[in-house]
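Colleague: Pasting a predicted model and its sequence here:
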Amino acid sequence: MPQQATPTQTEEIALELLVHGVGGTTPQEMLSDPRTVRVSGDDVAAVHRRGDDTDAEQRPEDYRGEPVPEAYSWANLTSGNGTRALWLLLLPFMVVNLAHWMRPSAHGRPGAVRVYGVLVRLVGLTLTVLLVAAACEVALDLMAWQCAGTHACADDRSWLGFLAPDADGGGGWWTQPGRRLALASLVPTALTALLWFLSRRTWIAYEAQRPLPQDEPAEGDARQLSRPGFWYGRRPVARLRAAHTAAGLLTVAAAVSTSAARFDRTPGGSAPLDLLGRVVEGTLIAGMLVVVAVVCRRGRSERTFDRRLDRAVTSLLPLVALALLVLAVTYAAWDRPGWRSVGRLPGDATFGGIALVQGLLVVALAGVAIVLYRTTRVPSTALGGLGGPAVAMLSCALGGVMSGGVAQRVADWLDGGGTPGQEGGALAGPPVVLSWQAAVIPVLLVVVLLLAGHLAMRTLQRRRREIDAVCALYDVQDDDAVRTRKIAGTRARAALTDRAPVIVGVVSAVTLLLGAAALAGAWATGEVPGRAAADAPGFVSGTAQTAQALGSWMIGLGFILFVTWGRRAYRDPSARRTIGILWDVGTFWPRAAHPFAPPCYAERAVPDLTWRMVSWTRQTGGRLVLSGHSQGSVLAAAAAWQLPAAVRKRVALLTYGSPLERLYGRWFPAHFGPAALDALHLEVVCWRNLHRLTDPIGGPVRLAGKGGAEVDDAPLLDPLAYPRTDEHPLPAPILGHSDYQADPAFAEERAALLARLRPAVPHQPGPPDGAGNG
């Protein structure tokens, strides 16, 4: 730990706190020194210094010309050990959580804001039900009901032998369909328990991190990230975890008991069992209504530092759901002579109902988003305020691909050489609606390819224009055509980021329409596409069969690639770092819509940064430059918002390669829109932002009025020199999003920021105000 210094010793001391971006730059790389020392923190996230700088506060005269560099490393928050590979299962949950934070800015519409949050949370709940239903489809329907009940399938798999009935319908105790379903229910129950465990484990590590105490809550929509409870989601995540766990258990209970209840209602069925089945179904419906009420009733409490937990909900709700599951399993396992498993379980109604509810929720969400956007129009908002609904639709599509992919692959594997649901297949296969959803994937792929071709043409056209711009910028003739085209091509490709809203909007809209068509086709025909079009003209029939076969292959291939990627990430740290980049962007936000999403690393990183800045400035009274690159600039801005006003006046902000406006301002306007960034500029003493036209991620902050000129400078040259010069005799590299510190402008801007800061009279050494163990 750096030694505490007296006020006179540190009168001129300055600190540069570096925060890296996506991909996890090491402290050694950030500090340009192989010998670094951890001065605060743990193996997950920590502050590092060069070995020679650990006692810098005791030697301020050695640092009069430059600040003491200090690096905050948070890479292990997203790409640590091999268990991070399991987070791939949570991708749909992460995406729907993003939709919650993409709501448009809105002033004076608190009711509409609450409705928006409720709708996104309900979409998240349907994703949990969908994932557990997919596990039920594989374990209960395909394995226990269809394969174990079909001799052609069970005879080839010895591990299913004890579940398979004899040719005359007899057999051991486990051969009755209800008991097979009861045993198979262990699989989706274990999946639900795993999701609960992962959520609770990360909840303890992330949501339980207490932020710096604040004197008074921040007011105003433009300062939402200043609120004391914004980075402390312990209570809402605990409530949502209990509700989603209960929903998963109730889904398993419904899958186990529904077929038994249908059998008991047939003529000759047991009257007592029929009554018990109706009681079980009624309690399951009541339980699911309670779950929905819990999800809808309370959102996040950001204005206060809320340490309370709803013990009745968090403890009792999952236990009651587990008790209902035990009741359903006991009911299904009861002796029912003469019961045979034929066809498939009633999965069409389940998966079709989930798809319908998701589509209606997304449409309703779009309506609320339009109302919010029209209340406070921010022209830079992505898709005119429809970014949240579009992303929510994509999360549903991801969930559908994952559930359909695993069901289709398992069905093909169990059926051997046949095709489930077709002539020659031993099994009825997965629900018809899943086959229809797979059949529309080739159509979606064609749309994506057409969109990619259009963007490629636009990029080529832009590159031609950029060639002239590059020649004019460097005042050269096009005598090195290859080099010029390379620079121009880099600038043109970097501009593709600004087309992301178009891509997301088109893909989301087409997905919604194709999903509606698939649902209508499945319910109208009750057959897989190939059979439904068997009597149609040859071209239509052939197209339907091709789409079904190709879609089934593609969805299965996607699932295999997904599993392969996860397995490689578990074993290979470099692959795990690649996945970590995805989490760096997707898990910045707290878990507001889905408790099983990967945890929010900012709930650890932002308090770390604020505590470090407050403690250092109060101990030394020195000047501090908060220096953030890429995603680190977003963390830096969030940390600056959380600082006490007195400390914020001694901190300068330096951002480079920053997506604050280009990505966050457009996609998350309620929290990083123009009003929020204007407020941040006014609250810090000074702020400079560096960007390049070759950078596909970073860009200008674009503040209105004179604030824009105070924050943004002209784009940095990239490459630094072209053509060759005496100073750069070899071709200078195109840096793009990296190595901003290699540009001389970086040191100049940092020095200018420090010059504008004036050290205050420091406090006596001690902990920050309000800090303590409580």
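Modeller: Yes, it's here.

Colleague: any idea where the helices of the stretch 451-600 of the chain begin and end?
Modeller: Here the stretch 451-600 of the chain has its helices, by DSSP state H, counting those that start in this stretch, at 481-494, 500-525, 529-532, 538-571, 573-586.

Colleague: Check which residues of the second one are buried.
Modeller: Neighbour counts over helix 500-525 (16 or more other C-beta atoms under 10 Å) mark 500-501, 504-512, 514-515, 518-519, 521-522 as buried. Quick note: C-beta positions are derived from backbone N, CA and C, even for glycine.

Colleague: Show me the strands in this protein, by range?
Modeller: Ranges of strands within the chain are 14-19, 36-41, 46-50, 68-73, 623-629, 651-656, 687-690, based on DSSP state E.

Colleague: returning to what we had before: most tightly packed of the helices of the stretch 451-600 of the chain?
Modeller: Each of the helices of the stretch 451-600 of the chain was scored by mean neighbour count; the highest is helix 529-532, a mean of 22, by mean count of other C-beta atoms under 10 Å.

Colleague: what is the mean pLDDT for that helix?
Modeller: Average pLDDT, helix 529-532: 80.

Colleague: For it, C-alpha coordinates in PDB please.
Modeller: The C-alpha trace of helix 529-532 is given here as PDB (Å, rounded to 0.1, in the frame of the first residue of the first chain):
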ATOM      1  CA  PRO A 529     -43.800 -27.600 -42.900                       C
ATOM      2  CA  GLY A 530     -42.900 -30.500 -45.200                       C
ATOM      3  CA  ARG A 531     -46.000 -32.500 -44.500                       C
ATOM      4  CA  ALA A 532     -48.200 -29.400 -44.400                       C
END
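
Colleague: Name the surrounding residues that touch it.
Modeller: Contact with helix 529-532 is made by 421-422, 435-436, 439, 521, 525, 541, 544-545, 547-549, as judged by C-beta atoms under 8 Å, 6 or more residues apart in numbering.

Colleague: what about 7 Å?
Modeller: Outside helix 529-532, the residues within contact range by C-beta atoms under 7 Å, 6 or more residues apart in numbering are 422, 435-436, 439, 521, 525, 544-545, 547-548.

Colleague: Same question for stretch 104-112.
Modeller: Outside stretch 104-112, the residues within contact range by C-beta under 7 Å, 6+ apart are 113, 221, 368-369, 371-373, 375-376, 378, 381, 385, 669-670, 673, 675.

Colleague: Pick out the lowest-pLDDT one from those residues.
Modeller: Here the lowest pLDDT out of the contacts of stretch 104-112 sits on Asp221, with 53.

Colleague: who's in contact with the residue positioned nearest the centre of the chain?
Modeller: For the chain, the residue nearest the mean C-alpha position is Met94 (2.7 Å; C-alpha atoms, centre = their mean). Listed by C-beta under 7 Å, 6+ apart, the contact set of Met94 reads 586-587, 597-598.

Colleague: now for the residues you listed, which pair is the farthest apart?
Modeller: Across the contacts of Met94, the longest distance by C-beta to C-beta is 8.4 Å; it joins Gly586 and Ala597.

Colleague: My read is that Val118 contacts Val294, right?
Modeller: No - with contact defined as C-beta atoms under 7 Å, Val118 does not reach Val294; the gap is 11.6 Å.

Colleague: Confidence-wise, which helix or strand of the protein is lowest on average?
Modeller: Lowest mean confidence among the helices and strands of the chain (mean pLDDT, DSSP states H and E): helix 573-586, at a mean of 63.

Colleague: related to what we said a few turns ago, closest to Val410 among the contacts of helix 529-532?
Modeller: Ser435 (13.9 Å).

Colleague: picking that back up, just put the helices of the stretch 451-600 of the chain in a markdown table and tack on distance to Cys153.
Modeller: Putting these into a markdown table (distance: least, C-beta to C-beta, whole Å) gives the following:
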| stretch | distance to Cys153 |
| --- | --- |
| helix 481-494 | 51 |
| helix 500-525 | 24 |
| helix 529-532 | 21 |
| helix 538-571 | 18 |
| helix 573-586 | 36 |
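
Colleague: Can you say which of these is nearest to Thr192?
Modeller: Closest to Thr192 of the helices of the stretch 451-600 of the chain is helix 538-571 (C-beta to C-beta; 19.3 Å).

Colleague: What is the closest one packed up against?
Modeller: Judged by 3 or more C-beta pairs under 7 Å, 6 or more residues apart in numbering; DSSP states H and E, helix 538-571 is in contact with helix 387-414, helix 432-439, helix 441-474, helix 529-532, helix 573-586.

Colleague: among the ones you listed, which is nearest Leu212?
Modeller: Set against Leu212 and scored by C-beta to C-beta, those come closest in helix 573-586, at 23.1 Å.

Colleague: on that earlier part again, return the most buried member of the helices and strands packed on helix 538-571.
Modeller: The most buried one of these (mean count of other C-beta under 10 Å) is helix 432-439, showing a mean of 28.

Colleague: Compute the inter-axis angle for that one and helix 500-525.
Modeller: Inter-element angle recorded for helix 432-439 and helix 500-525: 140 degrees (by axes from the mean of the first three to the mean of the last three C-alpha atoms, to 10 degrees).

Colleague: Give me the mean pLDDT for helix 432-439.
Modeller: Helix 432-439 shows a mean pLDDT of 87.

Colleague: Distance from the chain centre to that helix, please.
Modeller: 26 Å (C-alpha atoms, centre = their mean, to the nearest Å).

Colleague: what's the angle between that helix and helix 387-414?
Modeller: Put simply, helix 432-439 runs at 110 degrees to helix 387-414, going by the same axes, to 10 degrees.

Colleague: which outside residues touch helix 432-439?
Modeller: With C-beta under 7 Å, 6+ apart as the criterion, helix 432-439 contacts 348, 351-352, 355, 400, 404, 407-408, 421, 515, 518-519, 521-522, 526-529, 547-548, 551-552, 555.

Colleague: at 8 Å what do you get?
Modeller: Contact with helix 432-439 is made by 347-348, 351-352, 355, 400, 403-404, 407-408, 421, 429, 515, 518-519, 521-523, 525-529, 544, 547-548, 551-552, 554-555, as judged by C-beta under 8 Å, 6+ apart.

Colleague: hmm, which two among the contacts of stretch 104-112 are most spread apart?
Modeller: Most distant of the contacts of stretch 104-112, by C-beta to C-beta, are Val368 and Ala675, 20.4 Å apart.

Colleague: more crowded one of these two?
Modeller: Each of Val368 and Ala675 has its neighbours counted (other C-beta atoms under 10 Å); Val368 has more, 26 against 19.

Colleague: For the more buried one, give me its contacts.
Modeller: By C-beta under 8 Å, 6+ apart, the neighbours of Val368 are 112, 115-116, 119.

Colleague: tell me which of these is nearest to Ile697?
Modeller: Closest approach to Ile697 among these (C-beta to C-beta): Tyr116, at 27.6 Å.

Colleague: so what pLDDT did the closest one get?
Modeller: Tyr116 is assigned a pLDDT of 94 by the prediction.

Colleague: Pull the contacting residues for it.
Modeller: So Tyr116 contacts 103, 365, 368-369, 372, 388 (C-beta under 8 Å, 6+ apart).
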